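Novice: what's the 3D shape of this:
(5 chains, ligands or ions: 31)
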Amino acid sequence: MKKKRHAHSKKTGLPPGTLIHTGDVKTSQVTLTMFRYSAEQIEERTITSLDEIPSESENSILWLNIHGLHDPKIMAEIGLKFKLHPLVLEDILNTEQRPKVDVYDDYLYLVTRFFTYDSREMQINSEQISIILGEHIVLSFQERPTGSFDPLRERLRANKGLLRKSGADVLAYALLDMIVDKYFIMLEQISDDCEKLEDQLLHRPSNVVLQNIHKLKRETMDLRRAVWPLREIINSLVRNEFDFFQESTTLYLRDVYDHSIHFIESLESLRDLLAGMLDIYLSSISNQVNKEVRILTVVTMLFMPATLISGIFGMNFEHMPLLKDYWGFWIALAFMLLVAGGMGLHFWRRQWLSRH
Amino acid sequence: MKKKRHAHSKKTGLPPGTLIHTGDVKTSQVTLTMFRYSAEQIEERTITSLDEIPSESENSILWLNIHGLHDPKIMAEIGLKFKLHPLVLEDILNTEQRPKVDVYDDYLYLVTRFFTYDSREMQINSEQISIILGEHIVLSFQERPTGSFDPLRERLRANKGLLRKSGADVLAYALLDMIVDKYFIMLEQISDDCEKLEDQLLHRPSNVVLQNIHKLKRETMDLRRAVWPLREIINSLVRNEFDFFQESTTLYLRDVYDHSIHFIESLESLRDLLAGMLDIYLSSISNQVNKEVRILTVVTMLFMPATLISGIFGMNFEHMPLLKDYWGFWIALAFMLLVAGGMGLHFWRRQWLSRH
Amino acid sequence: MKKKRHAHSKKTGLPPGTLIHTGDVKTSQVTLTMFRYSAEQIEERTITSLDEIPSESENSILWLNIHGLHDPKIMAEIGLKFKLHPLVLEDILNTEQRPKVDVYDDYLYLVTRFFTYDSREMQINSEQISIILGEHIVLSFQERPTGSFDPLRERLRANKGLLRKSGADVLAYALLDMIVDKYFIMLEQISDDCEKLEDQLLHRPSNVVLQNIHKLKRETMDLRRAVWPLREIINSLVRNEFDFFQESTTLYLRDVYDHSIHFIESLESLRDLLAGMLDIYLSSISNQVNKEVRILTVVTMLFMPATLISGIFGMNFEHMPLLKDYWGFWIALAFMLLVAGGMGLHFWRRQWLSRH
Amino acid sequence: MKKKRHAHSKKTGLPPGTLIHTGDVKTSQVTLTMFRYSAEQIEERTITSLDEIPSESENSILWLNIHGLHDPKIMAEIGLKFKLHPLVLEDILNTEQRPKVDVYDDYLYLVTRFFTYDSREMQINSEQISIILGEHIVLSFQERPTGSFDPLRERLRANKGLLRKSGADVLAYALLDMIVDKYFIMLEQISDDCEKLEDQLLHRPSNVVLQNIHKLKRETMDLRRAVWPLREIINSLVRNEFDFFQESTTLYLRDVYDHSIHFIESLESLRDLLAGMLDIYLSSISNQVNKEVRILTVVTMLFMPATLISGIFGMNFEHMPLLKDYWGFWIALAFMLLVAGGMGLHFWRRQWLSRH
Amino acid sequence: MKKKRHAHSKKTGLPPGTLIHTGDVKTSQVTLTMFRYSAEQIEERTITSLDEIPSESENSILWLNIHGLHDPKIMAEIGLKFKLHPLVLEDILNTEQRPKVDVYDDYLYLVTRFFTYDSREMQINSEQISIILGEHIVLSFQERPTGSFDPLRERLRANKGLLRKSGADVLAYALLDMIVDKYFIMLEQISDDCEKLEDQLLHRPSNVVLQNIHKLKRETMDLRRAVWPLREIINSLVRNEFDFFQESTTLYLRDVYDHSIHFIESLESLRDLLAGMLDIYLSSISNQVNKEVRILTVVTMLFMPATLISGIFGMNFEHMPLLKDYWGFWIALAFMLLVAGGMGLHFWRRQWLSRH
Ligand SMILES: [Mg+2]
Ligand SMILES: [Mg+2]
Ligand SMILES: [Mg+2]
Ligand SMILES: [Mg+2]
Ligand SMILES: [Mg+2]
Ligand SMILES: [Mg+2]
Ligand SMILES: [Mg+2]
Ligand SMILES: [Mg+2]
Ligand SMILES: [Mg+2]
Ligand SMILES: [Mg+2]
Ligand SMILES: [Mg+2]
Ligand SMILES: [Mg+2]
Ligand SMILES: [Mg+2]
Ligand SMILES: [Mg+2]
Ligand SMILES: [Mg+2]
Ligand SMILES: [Mg+2]
Ligand SMILES: [Mg+2]
Ligand SMILES: [Mg+2]
Ligand SMILES: [Mg+2]
Ligand SMILES: [Mg+2]
Ligand SMILES: [Mg+2]
Ligand SMILES: [Mg+2]
Ligand SMILES: [Mg+2]
Ligand SMILES: [Mg+2]
Ligand SMILES: [Mg+2]
Ligand SMILES: [Mg+2]
Ligand SMILES: [Mg+2]
Ligand SMILES: [Mg+2]
Ligand SMILES: [Mg+2]
Ligand SMILES: [Mg+2]
Ligand SMILES: [Mg+2]
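Specialist: Numbering: from 1, shown residues only, chains lettered A, B, ... in the order given. Ligands and ions are numbered 1, 2, ... in the order given. Next up is the predicted model:
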């Protein structure tokens, strides 16, 4: 997993609540899109000035989505407008957070992560998504527009499902659900790469394959570590430890909880698979050494006797058999071939070079 | 374990409760079989129209078994008829669930899995079985007819045991018991394959054996992960956290609980066995290299001295001993044989080639 | 650990409480021995008909020991006589249970296991011992007479210790104590075999030794899995979760608890020992390869230069030094010996062949 | 991690509360710097005599920082002045403590550690920082001046943030925050060294690289062990188990808690990385052996046939083909080249020597 | 860790409370030393007859230390005198106990272990120390006099620290503290041996070093298992689960608790170190093989071409170049040297034999 490594260290010594965007995404502009809806009506707008944002009202749900976190001034204004704690604002901008849920008097602050898999680099990239859930309001913060929430917008516009009829907590649930659903798309991509690696392992094992298996295994474990707290968070929401979700919504959160467990177990299964592949690689190298030594042994055994025979008939004794014989040379050659052939037959019978 | 890998990702972005069958079994027709029984009487029928299903009654237990989940329309009607929550219906159709128990006001929703082992592919296939337990009703959902519950039907018809005299909770227990009992049949098949692999390992170790051991080990671990939550579920039923089981039935659930633990421990034992086999394979390869090098060394040591001797008597010095001797050649040959024989005797005594 | 593998699968589909003996011990006859004792008097009898068994009484403790479980009819009668739950009877006969304690209204049902170690097969055999503890009664069920409880019988007859003066709970404790004490005898036998293997490993490492180490390690881990739940059971008895033990007896149970922990830790220590032996074996093979290659290298380095020298003086140039010299041959030989001797000295100094 | 190994053993047998400085830092002088501040005013002073220290007052916060712990007498006086328990004083001087929090009636005693990474030795050095938090007072004890708290002093002087407006608990929080922030600077340095090692591993694997990987892995694990309790401590502060922190401050402690978890997970990720590197190293050695054997085999296969041919034509038969032929020698040479070339081509085609 | 292996098995079948000393230390005589002290006065005596022991009194603390446990009769008398439960007496004599704390009505029974490290055998020896803590009395039982508690006696006599002013609980704490302090002395000795092994590993790796590393690792893990329960015990004393310690003393117990955790973590760090050493050993052997093969390859490559050249000029063709040339022989020799020298240069440049 790619680490924005200076994220933390560049904040050392600053007072808490200092707003510094630690991500590396500097989109040209901060974009605020607003939905305001009730069962009866819906309003959709792109906000250009913070004054345009209506204040919270009992009769409608307000969803404000913010893309782009690089402008501390705008963020500070938003924080002021919605009375967010400085530490919350700091965490929204500090985009290397672990998933967590923090409860404040008027709102719940949820940090989750959104993952994309870069198959070419065999690397998982991750992005922080911050969700603020108030009584009639949901704020969502992302570094860049990814279109991840578009199906949700469609559902809102089309008034499909329960969304429009329900409170802000159902919208927050829907965002979580969308995020976790997307995890499975990434999981498929990783599984595909696993299969490719497994194929390469069996047909063209090489050092690069080994490194890739290690890379993918590490990515998988980092991913597991990053998703594990989300599981805990959703569980705490299901147990309704905080009062921001209605009883009926917790049934739906339980569904997301199921999916997060399923996802983590799939990762564990992948990790087992990759660990097994490492084992197979190592034993395939040992096997390779074995084969090489075998070839060397066979070559040596085929040529050494023949060389000895030629040496024997190259000795300078006056009295030696065959030397004067007309067929002597050919008899010697035949003898060499016989020995070599006999050994070759022996090896062939024992399937020394073909099998294993 | 075979993964229906697009199960999750094809549901991304859909509102909760959207009914999509994610399994790959499309039996030609949905089959509903109904049992209605009390201690005194029993009625067995195959349902063709949902109108035929009697409504719940205080005086008899209704068991409805549904084979085939591919028709969302029929499933929606069933859901309506028995007032099932949309998320329950969704989970019944989404056949890649982890075992779980969800409690609703009027019924308990149990997801379990049924496993079959394909010895040829060394693969465990799994199927989801959903059980709805109401006060006087049990619904069971499966993807295809497997005959797993036939002994139960027999018992109902023959009025053997407690089934007919007891409530719906005993029927639900009996279904669970049947499912867990079948796990042991699969366990035996896996154990048999383990033994075959162990045999091959000792007599014909090869790369294919290694891969099979890894495969079986991974399957075993996936299986463990899949059964582990069932253990927890049954335990929560035994502790009677939900009110759907009678005190007397929990004694029976405890029996199923014992079996599920026993099963998991047997899997752990199998995993140890397979892990040990991997170790033995690796050391058998090292041993093999050892043996090859030894053969090479022996061959080299047998021929090199002889070759040197032949080289010495092939030098062109004018004054050399033995050259003119009548027996010179034979003396040289004898010397060669003597050295080679001495070395051979040495190796034979040290049991270099036979033992180890 | 030897598994009676069809134990579970042959019960699939049967109603709960079906009595089938799953063990493989069919002793010729079921033997019932009865002790009835109080502080003042004691009666010992071998029961031939169930009618001979006196009914429970306030004034004396009744201990009934049953050897042989193969006759379901007799077992059913015993169950009826002492009002045992069908599931208890089923578990008594199904002799592959995990240790457990089940509480019923009138009695406690304890399952423990008794282990014997077969040193020749390096295999642990286990036998189920079921204990029923009522208010004034103890029933113990075993597959075959092993004499394990004989010292207890002696103590009863001789009125040594507290047994005769105490209630049925002390008798049950004494049975448990006896069983756990015997575990240590087996532990010693396993330790002895470990030491033998360690000895073989260092002096005659072979593939068979490797397999035996693996075997013993797996047996040890299976044993640990089998004893672990006993620890939990005794702990629950110590905490007096069930009301069948008197306060004063829990002190004694705590003693058994200590022993069971001690036993498990000794097993873990053995497992570490065996795991280390596997490591040593693997490195000893690598070492072996190393040694072989070294011998090969030495032989090659001793003979190759000499062979080259002989080849050089075997060339057919007209003008070559030494060829006509009277001492030429001997000078060449001396040169060969010199080179070989120099190299040999070099190796000897570096202790190439002796050490490591 | 460097261990001051005689730290503990030199205190054996002494009564509790005996003041012995176990660290190895003996700065020339003990330095006490004092800050006394309220929202309105601030006083900063270097203390030379303990009498100069003002006593605790309701209207201002007193922060006393002590550098240098080698003088038991001064420490004893400070202890007396602020009524510290002898065991607290002992722990302040015994600078090999694990992080912990101990609650006393009038103050909280916090032990944390400050780490610096010595890249040249690949070693983590650690220093103990003791913090005493009273109602209006904070004492901090360090072995040597490191400038770690300078930004905090700046903030106090400049009256930035909440510090001056808040109580002693916020100051204590700020110290903790500063310490944990610095952990990430060290983490970056370790990560840099990891990357360097990874680079060396792939391009110049050597025994030294292996030892360094092991060293760094061990340091990482020791570090994890040393930071783990800090996480627990901060968590207990967040849960406000002790009454020394105000409700509003626990929000800030939660922020430090997040960072400490993040740090530990990063360490775990590093450990995975290093473990993977060890695997790659081992397989790269096996690969290397493979390559060497391959070269040996190729050389043998190129020269052995040619040597045999030369031997054949060196035999002394009277009747041999080609010997008298004018081109005989060249034909023999060509034949040698042909065989060697054919084999070379074969190897080249199989990419035996270039590719793995 | 040395196991007194027949400790347990020789007690099989005996009634509980049977007094058998299972240790192997039979000192010539049981020695009882008595301290009776209050803040004002102190009495020290060696007891020869049990009648000399004063009975418990409100005004002074009685500490009785017993060396030598081999005489069951004396032990039984002591048990009677102080009303010890038979199981306690049994455990005192059965010197292979795990550390534990058992609470009785009138006293607390603590079992701890005292370890000494035998560097020559790389073996940890352990001895059981039993401590009985009553309201005004402390009994301590050891197998042999080791002088471990001498500093404590000194402190009592000199009236240093709190001991004389405090109750029996502080004396018990002081004994525990003394025991744990001694653990660190042993830890240093083990660390020293680790360092020696590390040194040998890098400079003279051998099979013996490997076995020693394994030995030490196993000892370390056994030690960890043996100390782990002590940590739990002290923790339970700190939490004051039993009423035998005063509130003020628990502060001191917390200090011992810190030390026990520190000790366990140091053991874990040692275990990591030893595990890393095993890895390095294995890879050093592989490296060794690599080097040997390399030497073999180099030798082969240096001599094979020269041998071929000599063979070529040893062929018996009539028409061969150079044979009649006066400088032919020297040209051939030069050619041999050239080829060998070229190859040697090539190897030298690639640093084949020096580096790695
Ligand atoms: Mg900060
Ligand atoms: Mg979802
Ligand atoms: Mg992370
Ligand atoms: Mg967590
Ligand atoms: Mg669902
Ligand atoms: Mg898997
Ligand atoms: Mg969905
Ligand atoms: Mg069953
Ligand atoms: Mg799964
Ligand atoms: Mg779970
Ligand atoms: Mg049962
Ligand atoms: Mg096993
Ligand atoms: Mg059954
Ligand atoms: Mg016992
Ligand atoms: Mg376990
Ligand atoms: Mg078992
Ligand atoms: Mg358990
Ligand atoms: Mg005991
Ligand atoms: Mg041991
Ligand atoms: Mg001390
Ligand atoms: Mg911070
Ligand atoms: Mg440490
Ligand atoms: Mg902890
Ligand atoms: Mg934060
Ligand atoms: Mg990583
Ligand atoms: Mg006993
Ligand atoms: Mg101490
Ligand atoms: Mg352990
Ligand atoms: Mg414990
Ligand atoms: Mg301390
Ligand atoms: Mg370490």
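Novice: how near is A:Glu143 to A:Glu121?
Specialist: Distance, A:Glu143 to A:Glu121, by CB to CB, to the nearest Å: 19 Å. For the C-beta atoms, the positions are set from N, CA and C on the backbone; glycine is no exception.
Novice: With A:Tyr183 instead?
Specialist: 19 Å.
Novice: Domain-wise, how is chain A divided?
Specialist: A:9-283, A:291-349 (automatic domain parsing).
Novice: The first one and chain C in contact?
Specialist: Spelled out, it's domain A:9-283. No. Judged by CB under 8 Å from any CB of the partner chain, domain A:9-283 and chain C are separated, with a smallest distance of 12.3 Å.
Novice: thinking again about what came up before, between A:Glu143 and A:Glu121, which has more neighbouring residues?
Specialist: Counted by other CB atoms under 10 Å in any protein chain shown, A:Glu143 and A:Glu121 do not tie: A:Glu143 has more neighbours, with 22 against 11.
Novice: Quickly find the element holding the most centrally placed residue in chain A.
Specialist: Taking CA atoms, centre = their mean, the centroid of chain A lies closest to A:Ile124, which sits 4.2 Å from it. Per DSSP states H and E: A:Ile124 is located in strand A:123-133.
Novice: Convert the C-alpha atoms of that strand to PDB, please.
Specialist: Extracted in PDB, the C-alpha atoms of strand A:123-133 (Å, rounded to 0.1, in the frame of the first residue of the first chain):
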ATOM      1  CA  GLN A 123      -0.300  -1.800  -5.600                       C
ATOM      2  CA  ILE A 124      -3.400  -0.800  -3.600                       C
ATOM      3  CA  ASN A 125      -4.000   2.900  -3.500                       C
ATOM      4  CA  SER A 126      -6.300   4.300  -0.800                       C
ATOM      5  CA  GLU A 127      -8.200   7.400  -0.300                       C
ATOM      6  CA  GLN A 128      -9.800   8.800   2.800                       C
ATOM      7  CA  ILE A 129     -13.500   9.400   2.900                       C
ATOM      8  CA  SER A 130     -14.800  11.400   5.900                       C
ATOM      9  CA  ILE A 131     -18.500  11.300   6.800                       C
ATOM     10  CA  ILE A 132     -20.200  13.600   9.200                       C
ATOM     11  CA  LEU A 133     -23.600  12.500  10.300                       C
END
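Novice: mind listing what the residue nearest to the centre of chain A touches?
Specialist: A:1-2, A:115-118, A:186, A:190, A:219, A:222-223 (CB atoms under 8 Å, 6 or more residues apart in numbering or on different chains).
Novice: Check A:Phe82 too.
Specialist: A:107, A:132, A:134, A:137, A:139.
Novice: ok, it to A:Glu135 distance?
Specialist: 12 Å.
Novice: What about the residue lying closest to A:Asp102 once chain neighbours are set aside, how many residues nearby?
Specialist: What sits nearest to A:Asp102 in space, not counting adjacent residues and going by CB to CB, 6 or more residues apart in numbering or on different chains, is A:Tyr109, at 4.4 Å. Counted with other CB under 10 Å, residues neighbouring A:Tyr109 total 21.
Novice: and A:His21, that's in a strand?
Specialist: No. With DSSP: H, G, I helix; E, B strand; the rest coil as the criterion, A:His21 is located in coil rather than a strand.
Novice: Quick check: it touching A:Lys73?
Specialist: No. Applying CB atoms under 8 Å, one finds A:His21 not in contact with A:Lys73, separated by 11.3 Å.
Novice: Looking at the two, which one has more neighbours?
Specialist: A:His21 (19 against 9).
Novice: thinking again about what came up before, show me which residues of the strand holding A:Ile124 are buried.
Specialist: Of all the residues in strand A:123-133, those buried under the rule 16 or more other CB atoms under 10 Å in any protein chain shown are A:124, A:126-133.
Novice: So that strand, near ligand 24 or not?
Specialist: No. Strand A:123-133 lies out of reach of ligand 24 by CB under 5 Å from the ion, never closer than 11.3 Å.
Novice: Are that strand and ligand 3 in contact anywhere?
Specialist: No. Judged by CB under 5 Å from the ion, strand A:123-133 stays clear of ligand 3, getting no closer than 8.3 Å.
Novice: okay, now A:Val103: neighbour count?
Specialist: Neighbours of A:Val103 (other CB under 10 Å): 12.
Novice: From ligand 5, how far out is it?
Specialist: According to CB to the ion, to the nearest Å, A:Val103 stands 26 Å off from ligand 5.
Novice: Just confirm that residue contacts A:Asn240, I think it does.
Specialist: No. A:Val103 is beyond contact range of A:Asn240, at 11.8 Å (criterion: CB under 8 Å).
Novice: pLDDT weak spots in the stretch 1-150 of chain A?
Specialist: Scanning the stretch 1-150 of chain A for pLDDT under 70 picks out A:2-7, A:25-28.
Novice: quick one, what contacts the nearest residue to A:Gln41 once chain neighbours are set aside?
Specialist: Counting by CB to CB, 6+ apart, A:Ser60 is the residue found nearest to A:Gln41 once chain neighbours are left out, at 7.9 Å. Each residue near A:Ser60 by CB under 8 Å, 6+ apart is listed here: A:36-38, A:41, A:136.
Novice: Show me how far the strand or helix carrying A:Arg294 is from its chain's centre.
Specialist: Taking DSSP H and E as the criterion, A:Arg294 maps to helix A:247-312. Centroid separation for helix A:247-312 versus its chain: 21 Å, with CA atoms, centre = their mean, to the nearest Å.
Novice: and that helix, what other elements does it pack with?
Specialist: helix A:168-203, helix A:207-238, helix A:328-349, helix B:86-93, helix B:207-238, helix B:247-312, helix B:328-349, helix D:247-312 (3 or more CB pairs under 8 Å, 6 or more residues apart in numbering or on different chains; DSSP states H and E).
Novice: Which single residue of chain A ends up nearest ligand 24?
Specialist: Closest to ligand 24 within chain A is A:Asp91: 4.3 Å, counting by CB to the ion.
Novice: Could I get the contacting residues of that residue?
Specialist: A:97, A:102, A:109, A:111, A:130, D:255, D:258.
Novice: ok, back up a step: and the residue nearest to the centre of chain A, how far from E:Gln189?
Specialist: A:Ile124 is 47 Å from E:Gln189, by CB to CB.
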